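K.L.:
with the input below, show me the fold.
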Amino acid sequence: MTATRVRASWLAAPVAALLAALLATLAHFMDGSPPETIRVSHGYGLLYLPLMVMQSQGLIEEQARARGIPDVRVQWTVLDGGNLISDAMLAGNLDVAGIGVPGFLTLWSKARGIPRSEVVGISALSSAALSLDTNRSRIRSLADFRPGDRIAIPGVGTSLESVALEMAAAKVFGLEHYDKLDSLTVTLAHPAAVRSLLAARGGIDAHFASPPFSFEELQSPKVHRILDSTDVLGHVTLDVVFAAKHFVQRNPRLISAFLAAQREADAYIEHNPRAAAELYLRVSHAKLSVGMVERMLADPSMTFSTTPVGVMDFARFMSKVGEIQVKPTRWTDLFVPEIQGEHGS
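P.N.:
Model (predicted):
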């Protein structure tokens, strides 16, 4: 073989490899594969533990690789409160997020029929007992609140705690007075509300808290519980995972990977509660003992599942009081086809 032919052969190999790589990259984008970065958010509390497990153990990336998507990078952020999460999703700053059921329903209804804004549920996330706690000895029931009292919740109007409080008020005072306590609510992130309630500073008289914040507050002899959300709502899904609908439609394999990763995380929490408690403390930086978090995870009200339960209870209430204009006819209207074979409600 002549020197010219050797050089030509030597050059042809990398050119062919480069061409193959370019064609593979083009196919990667043409077949609806996910972008390099997926932006996901979770909140502060224990209700978001499956997402924290998925983040810490790289489960989305692992499940994506198993589905032929080798280069997914997941970008995580912490957002708490339905208003903040919804705004970030509508602004195009998030792809997937954990959120309270009412915040999801509000955005789903508001964005229905607007292609660039529509959202869809991927799965249920968690269930637990919310606790309305107070440091005021005179407040023993909802009827004891006075004008000027302040109830801290993570987001006025659309947060899980905001709507749960309205549902409790409707049960006590009648549906026509569902908003009787709304004027007393103030937006405050859970960690800040705990500090304010325990220190009796900052003008907070009560806090509607999720675990672990409710458990932390009730350790204080100066704090007592007014009501438990399961008394009002029963054992229902409180938080869900949702996404921009156009993102889901473009990335079916990634959604499949996400669901598989979530189910893997749920199983991990169930079978490794101590390790899951330790992981939560590492991610959240909460000043709690591992044993306390383990006890929270063992509470019968605390469950992690992809199956939505009682989501339509929220939808019916929010529709009756005019908080959503478009009401789903069934729970499957809200979620991706991949979970519609489950026994949801």
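
K.L.:
quick check: which ranges of the protein have low pLDDT?
P.N.:
Scanning the chain for pLDDT under 70 picks out 1-36.

K.L.:
for it, what spans make up the strands?
P.N.:
37-42, 73-78, 96-100, 119-127, 131-134, 151-153, 185-187, 206-209, 224-228, 239-244, 303-304 (DSSP state E).

K.L.:
those strands: which one's closest to residue 327?
P.N.:
strand 119-127 (14.9 Å; C-beta to C-beta). For the C-beta atoms, the positions are set from N, CA and C on the backbone; glycine is no exception.

K.L.:
send me that closest one as CSV with only the CA atoms.
P.N.:
Presented in CSV, the C-alpha positions along strand 119-127 are these (Å, rounded to 0.1, in the frame of the first residue of the first chain):
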residue,chain,number,x,y,z
VAL,A,119,-49.4,20.7,33.1
VAL,A,120,-50.1,17.1,33.8
GLY,A,121,-49.6,14.9,36.9
ILE,A,122,-46.9,12.3,36.7
SER,A,123,-47.7,10.5,39.9
ALA,A,124,-48.8,10.8,43.5
LEU,A,125,-46.0,11.5,45.9
SER,A,126,-46.9,11.2,49.6
SER,A,127,-49.5,11.2,52.3
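
K.L.:
who does that strand touch, helix- and strand-wise?
P.N.:
helix 49-57, helix 101-111, strand 239-244, helix 245-250, helix 252-271, strand 303-304 (3 or more C-beta pairs under 8 Å, 6 or more residues apart in numbering; DSSP states H and E).

K.L.:
what would those look like in CSV with distance to residue 163?
P.N.:
Formatted as CSV, the helices and strands packed on strand 119-127 follow (distance: least, C-beta to C-beta, whole Å):
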stretch, distance to residue 163
helix 49-57, 21
helix 101-111, 4
strand 239-244, 13
helix 245-250, 23
helix 252-271, 24
strand 303-304, 20
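
K.L.:
take the ones you listed and write them to CSV, including mean neighbour count and distance to residue 164.
P.N.:
Listed next are the helices and strands packed on strand 119-127 as CSV, based on neighbours: other C-beta atoms under 10 Å; distance: least, C-beta to C-beta, whole Å:
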stretch, mean neighbour count, distance to residue 164
helix 49-57, 23, 20
helix 101-111, 24, 8
strand 239-244, 25, 12
helix 245-250, 18, 26
helix 252-271, 20, 23
strand 303-304, 22, 17
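
K.L.:
among those, which comes closest to residue 226?
P.N.:
Per C-beta to C-beta, nearest to residue 226 of the helices and strands packed on strand 119-127: helix 101-111, 20.0 Å.

K.L.:
before we move on, back to that, residue 142: which of the strands of the chain is closest?
P.N.:
With respect to residue 142, and counting by C-beta to C-beta, the nearest of the strands of the chain is strand 224-228 at 6.9 Å.

K.L.:
perfect, that will be all.
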